[in-house]
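A.B. asks: What follows is a predicted structure for the sequence shown.
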Amino acid sequence: MSKFSFMVVDDSLITQRKLSQLLEELGHSIACTCVNGQQAYEKYIQLKPDLVTMDITMPVMDGIESTKKIIESDPEALIVMVTSHGQKQTVIDAIGAGAKGYILKPFYRDNVAQTLNKVINKYLNKE
Amino acid sequence: MTRQHNRIIFNSLFQALPFGVYIVDVQSHQLLFANRHLSEMVGGNVREGGICYREIFNSESPCIHCRIKELRSDGEEQAGDNLTFEFFNEYNDRWYQFHELMVPWTDGRLVKCSFAVDISELKAAQNSLAEAHARLAIKNEELETLYARDVLTGAYNRVKFDEIMEKEIGRFERYGRPFSIMIMDIDDFKEVNDTLGHLAGDRVLCEMANLLTANTRATDLLCRWGGEEFLLVCPETDFSGVRPLAENLRQMVAGHEFECGRRITISLGATTVKPRDTQDSMIARADKAMYLSKSQGKNACNFL
C-alpha cells in the first residue's frame, strides 16, 4: 500500500511526538505539526497534506472549528479526530464538521492503523 | 501535638493514599504538596515549592484545563468549594477523575487540593462506545450522501430537490420568505457525447457541477435535474437577486476553458416564487424561460 503525508495537530507536544512516531512506524511521513486550529488551517492550505489528525481542545482555535474551515477551503480534505473528548455531542459535532474518523485517547497502534486504513482505502486508494 | 508532628502525620497519610494528591496556592500557583503517586503519574520529578504547571504539566504558562478560575468564579472563594471532572494524562496515557476542593492551609490562606483517581478501565469501555457512535455517525453521513446526491456529479439528486422545494415553499407560505430557482441546460451537449464520447461527456458534467458550485453562494443548492440539465435553488433570493446571479453564471461558463478543449455554454431560465405556486408551476415557468433562451440562439438568460 502506498504511504501518505500527514499533518499532526495537537497542543500537547507529547501527543504530537507519540502520534508522529506511530505514523512514521506505519510508513507514513509527517508534513508538519501544529499546536492550534488556526495554525493548522494556514499550514493545510500551504502544504496540502494527504491526511490530518486533529485534536479538539486547543487554544486560539479548536479542532472542530479548524476542521470546518479546512473543509470549506478543500471539500476533499481528509481529517481524523484524535482526541480525549468522547461525549456524544462532541462526536456528532466533529463528524458533522466533516471528520472522516474518530480516535479516542489513549490511542493504540492497531486502533490508529485500522481507522486510518479505512479512510485511506476509501478515499486515497480508490484506483 | 506540635505543628511539626501534624505535618509528619499529614505526610505519611497522604503519601500512603493509593491515588495522586497535590495542593496548590490558588493565588501564586505554588505547589505546596504532592504525594509520591502524583509524582509518578507525571514522570517522577515533581518538586514541592515550584510552580504547579511547570512541575506537574511541564508547561510555561497556566494549563488550558486549569480549574482554579472556575473554583474562584464567584470571586469569593471559600473553603468547601469543589469540582469533579475527568482528565486524560498525556504522560502516562491514563484517564483520571479529578476531585478538587478549596481548603484552608496551615497558615490560613486558601489552597486547592486535588485528588486524581485512575479511571482508565472505565474510560476504555466508554471510549469504545463513543468510537462506535462516531462510526455510526460517519455511516449516516455516507448514507445521506448516497440518498441525496447524484452519483456522477455529486450535485443533489431529485429526491433531495423535492425535499428542498417543499421546505422553501413552506417557508414562503408561512413567513413570506422569497426564493428563486434556475434551470441551466448545457447547449449542444449531444454533440460533445457524439464527437468526444460519453466518458468525455461525463467529465464535462462533473466539471460543470464543480464550476457551478464554486461560483454560487454557500446557501444556494445545486441539483442535477436531467441528462444535461442542472437546477439551482436560491433561498432568500428574489427577482432582483437571481437576475445578476444567472447572468454571471452564463458569462462564467462561457468564459471557462473546459478540459476537453471545447467552449461550452449554457441556456438559463429563472423564476421567483409567487403566491399559490407549487413545485410544478415553478419548474414549468423556469423551463419555459430556459426554452426562450434556447430559441434566442442559446447562451442566454431569461426570467419569467
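C.D. replies: Perfect, I can see it now.
A.B. asks: just the strands in chain A please.
C.D. replies: Applying DSSP state E to chain A gives strands spanning A:5-9, A:29-34, A:51-54, A:79-83, A:101-104.
A.B. asks: the strands in the stretch 101-250 of chain B, which residues?
C.D. replies: B:110-118, B:179-186, B:221-224, B:229-235 (DSSP state E, counting those that start in this stretch).
A.B. asks: which of those sits most buried?
C.D. replies: Among these, the stretch with the highest mean neighbour count (mean count of other Cβ atoms under 10 Å in any protein chain shown) is strand B:179-186, at a mean of 25. Where you see a C-beta, it was placed from the backbone N, CA and C, and this is true even at glycine.
A.B. asks: Next, count neighbours for A:N117.
C.D. replies: By the criterion of other Cβ atoms under 10 Å in any protein chain shown, A:N117 has 14 neighbours.
A.B. asks: oh, I was asking about A:H85
C.D. replies: Residue crowding around A:H85 was assessed by other Cβ under 10 Å; the count is 20.
A.B. asks: what's the answer for A:D50, then?
C.D. replies: A:D50: 19 surrounding residues under other Cβ under 10 Å.
A.B. asks: and it, how far is that from chain B?
C.D. replies: Using Cβ to the nearest Cβ, to the nearest Å, A:D50 is found at 19 Å from chain B.
A.B. asks: if we can go back for a sec, can you put the strands of chain A in JSON lines and add mean neighbour count and mean pLDDT?
C.D. replies: Shown next, in JSON lines, are these (neighbours: other Cβ atoms under 10 Å in any protein chain shown; pLDDT from 0 to 100):
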{"stretch": "strand A:5-9", "mean neighbour count": "24", "mean pLDDT": "96"}
{"stretch": "strand A:29-34", "mean neighbour count": "18", "mean pLDDT": "95"}
{"stretch": "strand A:51-54", "mean neighbour count": "26", "mean pLDDT": "96"}
{"stretch": "strand A:79-83", "mean neighbour count": "25", "mean pLDDT": "94"}
{"stretch": "strand A:101-104", "mean neighbour count": "24", "mean pLDDT": "92"}
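A.B. asks: any chance of those in JSON lines, plus distance to A:E72?
C.D. replies: Shown next, in JSON lines, are these (distance: least, Cβ to Cβ, whole Å):
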{"stretch": "strand A:5-9", "distance to A:E72": "16"}
{"stretch": "strand A:29-34", "distance to A:E72": "18"}
{"stretch": "strand A:51-54", "distance to A:E72": "14"}
{"stretch": "strand A:79-83", "distance to A:E72": "12"}
{"stretch": "strand A:101-104", "distance to A:E72": "19"}
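A.B. asks: Which one, of those, ends up nearest to B:D220?
C.D. replies: strand A:79-83 (25.1 Å; Cβ to Cβ).
A.B. asks: what is the orientation angle of that closest one with strand A:5-9?
C.D. replies: Angle between the axes of strand A:79-83 and strand A:5-9 is 40 degrees (criterion: axes from the mean of the first three to the mean of the last three Cα atoms, to 10 degrees).
A.B. asks: count of neighbours near the residue lying closest to B:M165 once chain neighbours are set aside?
C.D. replies: With sequence-adjacent residues excluded and distances taken as Cβ to Cβ, 6 or more residues apart in numbering or on different chains, B:M165 is closest to B:Q279, at 4.5 Å. Using other Cβ under 10 Å, B:Q279 is surrounded by 15 other residues.
A.B. asks: For B:Q279, which residues are in contact?
C.D. replies: The contact partners of B:Q279, by Cβ atoms under 8 Å, 6 or more residues apart in numbering or on different chains, come to B:162, B:165-166, B:169.
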